[in-house]
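**Q** my questions concern the predicted model and sequence given below.
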Amino acid sequence: MRIINLLSMNFSIVENFIASIFLLIVKDWLLISFIIILIYVINYYYKYFTRENPLPGPLPLPWIGNLYLFHGDLDIVFYNLQEKYGELFEIYLGSDRKIWLGNASLIEKIHNPSSKTKFPIRAINEGLDEMGVTTKGVAFNNDLVAWKFNRRIISSTIMVPSFLRQFVNESEKVFQEFEIYWINLTKENNNYVLNFPDWSTRFFADAISLASIGKPAHMMATQYNRLVPKDLKTLNSKPGLYQFEEFLDRIRLWLKSVHFFYFVPRFVRHYIPPMNFLYKKYIRNITWIDNYLIGFVKERRKEIENTPKEEALSSDILTLLICANTDRDKFSIKANDEFSRPMTDEEIRYCIFEVIGGGIDTTAHSTSFLIHYLCKNPEKKAKVYAEIDNVFKGDKIRPMTYDDIEKLVYVEAAAKESSRLMPIVPSVFKRAINDVMIGGLNWKTGQEFFVHQHYIHHNKSHWSNPEEFIPERFLGGTNKIEKNSFIPFGGGIRQCPGRHLGMTGIKTFIALLFRKYDVSLEDPKAPLKKVYTLANECHELKLYIQPRKD
């Protein structure tokens, strides 16, 4: 018994000893961790308060910088920050400093169109690298040789008048389909209210799908099928009818993921819940999109190879890109001797992705914003009707041409003024590849700047009555637009190559709609309702659309 008691006592001593050692270790680790954190925080704020070129801006926090401000509509967040801290201010993402520019005079070097510009790339960001966007396409490509090659061929397809003429013709056919659905929906209710963004995104999805891959997306048909009884549904549920809708939804998810990959550090993305679950979701989405589009490319390439050379090919963008710099090159798209090779399937896949991803929602929501501003300003809307009637001589049914669209000067001015008031892309980032002076301050290589287009478009230094909708600003004459004060498509060598296609799409839809219909708001007092993802989107625009009375 004494032996048992002795062993029990010794075990208790050992147990207490181990517990004491563990507590000491824990206390030491807590102390060490506290010291490490304290040193990091002191070093973080030492660097912050001794930084070069200190600018006004919100106080950053260690590890996260100003991420605590990033909630809600980020367009509004950044606009309010610029308004609070001035035309030149700073924010932090972790320890990375970003400079925001809100005056046209501050961005002249950034928008330098010369090939010798110090701002040829968007950003060097490991998150964007992981998305696979910094070596492909045009928008985020940091490989300048690949970027020049892709941009030159893309520009030679979507910016040529012959392609734009075809796009106008295809858009009119799509609009006729829209009319059929709208007429059917209003048979039982003459006061049917159309939530326009639901239809505008689908209209441009159908039009741009035909223009880009030569196949219908059936997006308006799927929307119509949701709104009518089963016996009135259209297209008889063709196989794959809803697949393009899934594709478009996945593009929107991809756009949201750009913020995630750009802002969230790699370690947090990969290992910290719930961010690591979001990361896996976004990676799966990227893989799905890649596989979906590469299938189109390979299928079309096989169709072209099996088509006799004497037989004409379609003129959609996918076909033009596959044929570029080959003996099937319809428009003699030649970059130059340096870039005279055909495009690879991977290059084509990503370029098509950018055309579709960057063309549908941007054009649709630009059109929605324009209609909102026109309906809010009846005298401006009356001028749009008058110009359209003058161009078409009151003829509501004759086929529309690209030449007609080019004559719509006031409509284009109204579209520009709408884009000034509500730019689809409110800001873009650029990275300096050399030391540069901006705002009277010297900045080192690698500094990133955000060109705040939304704020510049409303800056009273550049615009009189900036909150008012005045299309006449863009009609020339005595109205002089200050350089770099109107930049809805960006500027410099990275200016959007799809700007002509986008403007043509907006003007075409407005002409098609206003030529035949009276358009008005359900609630004339309703404010503009928009949301921001990677771009500004019209969330709701409820309209009455009635046939015009002769």
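**A** Thanks, I have the structure now.
**Q** is residue 209 in a helix, a strand, or coil?
**A** Going by DSSP: H, G, I helix; E, B strand; the rest coil, the secondary structure assigned to residue 209 is helix.
**Q** so where does the nearest residue to it once chain neighbours are set aside fall, helix or strand?
**A** Counting by C-beta to C-beta, 6 or more residues apart in numbering, the nearest residue to residue 209 once its immediate chain neighbours are dropped is residue 217, at 3.7 Å. The C-beta positions use only the backbone N, C-alpha and C, and glycine is treated the same way. Residue 217 is part of no helix or strand when elements are defined by DSSP states H and E.
**Q** so where's the stretch 301-450 of the chain shaky on pLDDT?
**A** Where the stretch 301-450 of the chain drops to pLDDT under 70, the residues are 330-338.
**Q** would you map the strands across it?
**A** 428-431, 436-438, 441-443, 448-451 (DSSP state E, counting those that start in this stretch).
**Q** by contact count, what packs against the second one?
**A** With contacts defined as 3 or more C-beta pairs under 8 Å, 6 or more residues apart in numbering; DSSP states H and E, the packing partners of strand 436-438 are strand 441-443.
**Q** so how far is residue 372 from the spatially closest residue to residue 531 that is not a sequence neighbour?
**A** With sequence-adjacent residues excluded and distances taken as C-beta to C-beta, 6+ apart, residue 531 is closest to residue 539, at 4.8 Å. Counting by C-beta to C-beta, to the nearest Å, the separation of residue 539 from residue 372 is 11 Å.
**Q** again with residue 538
**A** In terms of C-beta to C-beta, residue 538 sits 7 Å off from residue 372.
**Q** show me the common contact partners of these two, please.
**A** Each of residue 528 lies in contact with both residue 538 and residue 372 under the rule C-beta atoms under 8 Å, 6 or more residues apart in numbering.
**Q** so, low pLDDT: which residues of the chain?
**A** Along the chain, the parts satisfying pLDDT under 70 run over 1-28, 188, 232, 234-241, 330-338, 550.
**Q** what ranges does it have for its strands?
**A** Using DSSP state E, the strands of the chain run over residues 88-93, 96-101, 193-195, 428-431, 436-438, 441-443, 448-451, 517-521, 529-532, 536-540, 542-547.
**Q** single out the most deeply packed of the ones you listed.
**A** Mean neighbours per residue, mean count of other C-beta atoms under 10 Å, is largest over those for strand 448-451, with a mean of 23.
**Q** strands paired with it, and their directions?
**A** Strand 448-451 pairs in its sheet with strand 96-101 (parallel), strand 428-431 (antiparallel), by DSSP bridges.
**Q** how far off centre is that strand?
**A** Distance of strand 448-451 from the chain centroid (C-alpha atoms, centre = their mean, to the nearest Å) equals 17 Å.
**Q** what do you get for stretch 414-430?
**A** In this view, stretch 414-430 has its centroid 11 Å away from the chain centroid, taken as C-alpha atoms, centre = their mean.
**Q** endpoints of it, how far apart?
**A** 29 Å (C-alpha to C-alpha, to the nearest Å).
**Q** pull out the buried positions in that stretch.
**A** Of the residues in stretch 414-430, 414-430 count as buried by neighbour count, 16 or more other C-beta atoms under 10 Å.
**Q** next, count neighbours for the closest residue to residue 136 other than its chain neighbours.
**A** Leaving aside its sequence neighbours, residue 136 sits nearest to residue 350 (C-beta to C-beta, 6+ apart; 4.0 Å). For residue 350, the neighbour count with other C-beta atoms under 10 Å is 25.
**Q** residue 350 reaches residue 139, doesn't it?
**A** No. Between residue 350 and residue 139 there is no contact under C-beta atoms under 8 Å: 9.5 Å.
**Q** quick one: contacts for residue 449?
**A** Counting by C-beta under 8 Å, 6+ apart, residue 449 touches 98-101, 107, 110, 119, 429-432, 438.
**Q** give me every residue that touches the residue lying closest to it once chain neighbours are set aside.
**A** Leaving aside its sequence neighbours, residue 449 sits nearest to residue 99 (C-beta to C-beta, 6+ apart; 4.9 Å). The contact partners of residue 99, by C-beta under 8 Å, 6+ apart, come to 55, 88-90, 438, 443, 447-450.
**Q** separation between residue 99 and residue 36?
**A** 30 Å.
**Q** one more: residue 472?
**A** Taking C-beta to C-beta as the measure, residue 472 falls 62 Å from residue 36.
**Q** what does residue 179 give?
**A** According to C-beta to C-beta, residue 179 and residue 36 sit 68 Å apart.
**Q** pull the number of nearby residues for residue 378.
**A** Counted with other C-beta under 10 Å, residue 378 comes out at 11.
**Q** now do the contacts for it.
**A** So residue 378 contacts nothing (C-beta under 8 Å, 6+ apart).
**Q** if we use 10 Å, what do you get?
**A** Neighbour list for residue 378: 520, 524 [criterion: C-beta atoms under 10 Å, 6 or more residues apart in numbering].
**Q** residue 513 touches residue 368, doesn't it?
**A** No. In this structure, residue 513 is not within contact of residue 368 by C-beta atoms under 10 Å, at 11.7 Å.
**Q** what about those two, which has more around it?
**A** Higher neighbour count among residue 513 and residue 368: residue 368, with 27 against 22, using other C-beta under 10 Å.
**Q** leaving out the residues flanking it, which one is nearest to the more buried one?
**A** That would be residue 538: by C-beta to C-beta, 6+ apart, it lies 3.6 Å from residue 368.
**Q** now for residue 513 and residue 368: what residues contact both?
**A** Contact criterion C-beta under 10 Å, 6+ apart; residues shared by residue 513 and residue 368: 196, 200, 543.
**Q** may I see the residues you listed arranged in CSV, with distance to residue 64 as well?
**A** Output for the shared contacts of residue 513 and residue 368, formatted as CSV (distance: C-beta to C-beta, whole Å):
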residue, distance to residue 64
196, 39
200, 38
543, 43
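**Q** just the residues you listed now: which is nearest residue 145?
**A** Nearest to residue 145 among the shared contacts of residue 513 and residue 368 is residue 200, at 37.6 Å by C-beta to C-beta.
**Q** so who does that closest one touch?
**A** Counting by C-beta under 10 Å, 6+ apart, residue 200 touches 178, 194, 360-361, 363-368, 371, 509, 513, 538, 541.
**Q** distance check, it against residue 208.
**A** 12 Å.
**Q** what residues are shared contacts of those two?
**A** Residues touching both residue 200 and residue 208 comprise 360, 363-364, with contact defined as C-beta under 10 Å, 6+ apart.
**Q** among those, which ones are buried?
**A** Buried positions within those, assessed by neighbour count (16+ other C-beta under 10 Å), are 360, 363-364.
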